[in-house]
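**Q** Here you go, sequence then predicted model.
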Amino acid sequence: NSRGTSSLLKDSIPLIEFSASGPFEGYDLLRRGFTSVKNELMPSHPLELSEKNFQLNQDKTSFATLRNIQGLHAPLKLQMEFRAVKQAQRLPFLHSSNIALDTLRGNDECISFEDILNDPSQSEVMGEPHMMMEYKLGLL
C-alpha cells in the first residue's frame, strides 16, 4: 500500500529541515516580525494576565448574563455574529478598523487609548503587499 507508506513518511519527517535556505537560515524579518524579549517573559504582576484577557473576560461575563436573562439562543446568536465579523478582513498589509466588531461589542461610541495613540496606519510593520499575501496563502 503505497498511499499508507507515503503518509507515514510525510508525518515522520519534519518539513522544516528541507527548506530552501537550509538549517543556517537567517532570521526573516518580513515573515516573523521584530523579535522581542518582552513577549517571552513571564508576567511581573498578578493583574497583568487579567488585563491582557480583559476583553475575553468581559465577553464571557456578558454572555453569561445574556444567557441568564434571555436564554441560550441569545449568546449563541451573538457568538455566531462575532465569528462572522472576525472572518471578514482586509488584505494583511492594509489596516482594518473592525468597526463591525466594535459595534457588536458596544465600543463604537467610546474613545479609548488605542483610538488616539495606537494608529496602525503609521506603524513600522507595513511590508511588501505581494510577499505578505503569499505568506498568508501559504505559497512561501
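**A** Yes, it's here. Predicted, not measured: the structure shown is a model, and the values here were computed from it.
**Q** Tell me where the chain has helices.
**A** Counting by DSSP state H, residue ranges of the helices within the chain are 2-12, 29-32, 46-52, 54-70, 73-87, 99-105, 113-117, 129-137.
**Q** quick one: which of these is nearest residue 93?
**A** If you check each of the helices of the chain against residue 93 by CB to CB, helix 129-137 wins as the nearest, at 4.5 Å. C-beta here means a position set from N, CA and C on the backbone, and glycine is covered the same way.
**Q** got the contact list for the residue nearest in space to the middle of the chain?
**A** Against the mean C-alpha coordinate of the chain, by CA atoms, centre = their mean, the closest residue is residue 86 at 9.8 Å. Counting by CB atoms under 8 Å, 6 or more residues apart in numbering, residue 86 touches residue 101.
**Q** coming back round to it: nearest to residue 38, of the helices of the chain?
**A** Using CB to CB, the helices of the chain put helix 46-52 closest to residue 38, at 11.7 Å.
**Q** pLDDT (mean, whole number) over the closest one?
**A** What helix 46-52 shows for mean pLDDT is 83.
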